[in-house]
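1. Any chance you can model this:
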Amino acid sequence: MSITLIKIYKTIIINKKILRSKIKYMTPQQLKDEIVSVFRQKKTRDLTIIDISSVSSIADYYVIVSGRTNTQVRSLVEFLDEKLEEKGIYSIRKDGAKEGIWTVIDYASVIVHVFEENTRKLFDLEKLWDSGDNVTHIENDI
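-> Here you go, the predicted structure:
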């Protein structure tokens, strides 16, 4: 093994240890509540929680929120990232953040969808995943 590969390998191991020490472990419900709390700080509109634990193995909850413009969608995503990382909560992956039309953020047990309003109406995830009493709309005091 070359010296360069050894240095890279050591860096990866050190970074994983640092990251692990910063990660906060919580239940899916606690994580969902934390995400909702962050979005309520931003006074978001159309905040919806869908409990998909009984109908899917990919996650326990979807948290869905809308922004009026692409810029607002990107702002919501950045704000969520910033506030959760301050508390040691990191996403597994994120897609669509640059475009600001539909960003999906995967926190393993909770998947966050941040939509531009028209895109949200087009895909209508609430209707797709609604099985009766599993959809909760959160009113925000604006």
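
2. Any regions of the chain where pLDDT drops low?
-> For the chain, residues meeting the criterion pLDDT under 70 lie at 1-24, 132, 140-142.

3. Strands of that one, residue ranges please.
-> 45-51, 61-67, 93-95, 102-106, 110-116, 135-138 (DSSP state E).

4. I'd like those strands as JSON lines, with distance to Lys87 appended.
-> Every residue, glycine included, has its C-beta placed from N, CA and C. Below are these laid out as JSON lines (distance: least, CB to CB, whole Å):
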{"stretch": "strand 45-51", "distance to Lys87": "19"}
{"stretch": "strand 61-67", "distance to Lys87": "16"}
{"stretch": "strand 93-95", "distance to Lys87": "17"}
{"stretch": "strand 102-106", "distance to Lys87": "15"}
{"stretch": "strand 110-116", "distance to Lys87": "14"}
{"stretch": "strand 135-138", "distance to Lys87": "20"}
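
5. Same list (these) but as TSV, adding mean neighbour count.
-> Formatted as TSV, the strands of the chain follow (neighbours: other CB atoms under 10 Å):
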stretch	mean neighbour count
strand 45-51	19
strand 61-67	24
strand 93-95	12
strand 102-106	19
strand 110-116	24
strand 135-138	14
